[in-house]
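Colleague: Need a 3D model of the following:
(one chain, ligands or ions: 1)
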Amino acid sequence: MGLSRTIFGMNHTIALIAGDGIGPEVTEGVQRVLAAVGAPLTWDEHPAGLAALERGLDVLPDTTVNAVRQHGVALKGPCTTPVGEGFSSVNVQLRKKLDLYAAVRPVRSLPGVPTRYDNVDLVIVRENTEGLYSGVENEVTPGVVMSMKVATEKGCRRIAHWAFRYATQRRRKRITVFHKANIMKITDGLFIRIAAEEHRSQYPNIEYQEVIIDAGCMRLVQDPSQFDVLLMENLYGDVISDLCAGLVGGLGVVPGANIGETHAVFEAVHGSAPDIAGKGVANPLALLMSATMMLNYLAETRGDAACRACGEKIRRAYDLTLAEGCKTRDLGGELGTLEFAQAVIDRL
Ligand code: NAI
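Modeller: Predicted coordinates:
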């Protein structure tokens with residue numbers, strides 16, 4: 001594990017994957033804020049995605065995966081995946097290789113970011129290793145292709161258990177499972193059966209609800225405040241994350257973590273945004289929020305109170321920055337990526 005003690009306290013070595021497109025830009029902004037707050041972190045940078053291919057390496061080099069294994073924690077920028085052809089997603093590969101089965105994505109309304117709702121406070125818990133992202137796709141015969149949706153009892157149980165434990169620890173009141181078990185009776189049927197069992201047998205104090213996902217989407221955009229923790233399988237979680245981002249200001253403000261039993265990779269929900277890459281205008285806040293989740297994770301798993309204090313300072317500083325109207329263009333402001341990072345640093 002990437003942990004050492006100095007005379008000043010703990011220091012954590014973090015695997016850093018800057019990624020593609022806007023990845024290096026937002027990563028630089030976030031590193032500046034973390035340095036300014038004095039977070040006890042040392043970086044071990046490794047490439048993945050197009051950045052790795054450009055250096056003549058594999059798209060996901062073993063050295064990169066091994067660095068995450070060694071240090072236990074990574075901060076990651078987005079990696080580009082070609083559409084309809086080419087290599088398979090680096091993000092999906094990394095989550096599978098490290099068995100990062102729980103994707104957790106908090107979505108909340110922010111001060112100074114006016115949207116249709118001002119009271120959104122949701123957490124999406126997405127199963128991250130199974131479902132239609134199992135990658136089992138083939139051509140059965142010319143003109144007929146198929147993709148296999150895989151659900152295992154073990155996979156369903158561990159994500160349901162993770163979600164209920166998370167809800168309990170964070171004093172959340174209700175878990176809603178989004179599913180399509182009316183159509184996918186066996187796969188989604190297993191997912192809800194196990195979630196309901198987990199609720200009944202271990203977590204009866206958390207309210208539990210099952211909602212068919214299409215109706216759930218309508219209810220989300222009508223009144224997101226009726227939901228608390230949303231639990232779902234892989235593909236639904238991917239789609240619903242972006243939908244929920246739209247409720248609070250967009251992809252520039254939604255962070256995420258991919259968590260397994262022994263490793264965790266923190267990354268924003270957004271992708272490499274090729275349409276704005278290289279222009280210095282991307283919002284670094286989603287990755288900065290992911291970094292504060294990382295600091296909390298280090299505090300919880302390694303007992304480092306300094307990390308929690310740094311995370312709290314950063315959160316207060318970015319809330320204040322936004323409340324004072326300092327914003328990047330995606331939120332209607334004028335600041336560039338590093339200017340926004342500096343505005344946060346000025347308020348630490
Ligand atoms: P995207 O999230 O990159 O972009 C969607 C829209 O949101 C674009 O208009 C973009 O400019 C905007 N946007 C995203 N992040 C932003 C930020 N931080 N600040 C301001 N605006 C932002 O999604 P898209 O275009 O579907 O995917 C682009 C590439 O990213 C694809 O290759 C995809 O596979 C990959 N991707 C990677 C992810 C990851 O590494 N975890 C996650 C999602 C997509």
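Colleague: going forward, measure contacts between C-alpha atoms and count neighbours the same way
Modeller: OK.
Colleague: So is stretch 279-293 next to the ligand?
Modeller: Yes: using CA under 6 Å from any ligand atom, stretch 279-293 reaches the ligand at 282, 283, 284.
Colleague: show me the contacts for residue 168.
Modeller: residue 206 (CA atoms under 8 Å, 6 or more residues apart in numbering).
Colleague: Quick check on it: phi, psi?
Modeller: Backbone torsions of residue 168, given as degrees, to the nearest 10, read phi -70, psi -50.
Colleague: Please report the confidence value the model assigns to residue 242.
Modeller: Here the pLDDT value assigned to residue 242 is 97.
Colleague: what's the answer for residue 5, then?
Modeller: 67.
Colleague: Would you map the strands across the stretch 151-300 of the chain?
Modeller: For the stretch 151-300 of the chain, the strands defined by DSSP state E, counting those that start in this stretch cover 174-179, 207-212, 229-232, 257-259, 264-267.
Colleague: The second one pairs with which strands, and in what direction?
Modeller: The partner list of strand 207-212 in its sheet, established with DSSP bridges, is strand 174-179 (parallel).
Colleague: What average pLDDT does the strand it pairs with get?
Modeller: Strand 174-179 comes out at a mean pLDDT of 98.
Colleague: again, but for stretch 147-160
Modeller: Mean predicted confidence for stretch 147-160 is 97.
Colleague: Output it in CSV with nothing but the alpha carbons.
Modeller: Output of stretch 147-160 as CSV, limited to C-alpha atoms (Å, rounded to 0.1, in the frame of the first residue of the first chain):
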residue,chain,number,x,y,z
SER,A,147,-24.3,-8.9,-26.5
MET,A,148,-24.6,-10.8,-23.3
LYS,A,149,-25.9,-9.4,-20.1
VAL,A,150,-24.2,-11.2,-17.2
ALA,A,151,-25.4,-11.1,-13.6
THR,A,152,-24.0,-13.3,-10.9
GLU,A,153,-25.5,-13.9,-7.4
LYS,A,154,-22.1,-12.9,-5.9
GLY,A,155,-21.9,-9.7,-8.0
CYS,A,156,-25.5,-8.7,-7.1
ARG,A,157,-25.0,-9.5,-3.4
ARG,A,158,-21.8,-7.6,-2.9
ILE,A,159,-23.1,-4.4,-4.6
ALA,A,160,-26.4,-4.5,-2.7
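Colleague: Now it: buried residues?
Modeller: Along stretch 147-160, these residues count as buried under the neighbour rule (16 or more other CA atoms under 10 Å): 149, 150, 151, 155, 156, 157, 158, 159, 160.
Colleague: list the contacts for the closest residue to the ligand within the stretch 101-250 of the chain?
Modeller: Closest contact between the stretch 101-250 of the chain and the ligand, by CA to the nearest ligand atom, is at residue 250 (7.2 Å). Shown in contact with residue 250 (CA under 8 Å, 6+ apart): 242, 330, 331.
Colleague: Can you add mean neighbour count and distance to the ligand and give the strands of the stretch 151-300 of the chain back as TSV?
Modeller: As requested, those are exported to TSV (neighbours: other CA atoms under 10 Å; distance: least, CA to the nearest ligand atom, whole Å):
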stretch	mean neighbour count	distance to the ligand
strand 174-179	23	21
strand 207-212	16	24
strand 229-232	26	17
strand 257-259	24	10
strand 264-267	28	7
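Colleague: center of this protein, which residue is that?
Modeller: Geometric centre of the chain, nearest residue: residue 256, 1.9 Å, by CA atoms, centre = their mean.
Colleague: just checking, that one touches residue 106?
Modeller: Yes: contact between residue 256 and residue 106 holds when scored by CA atoms under 8 Å: they sit 7.0 Å apart.
Colleague: Quick one: classify the closest residue to residue 338 other than its chain neighbours as helix, strand or coil.
Modeller: Distances taken as CA to CA, 6 or more residues apart in numbering place residue 29 nearest to residue 338, at 5.3 Å, with adjacent residues excluded. Under DSSP: H, G, I helix; E, B strand; the rest coil, the three-state class of residue 29 is helix.
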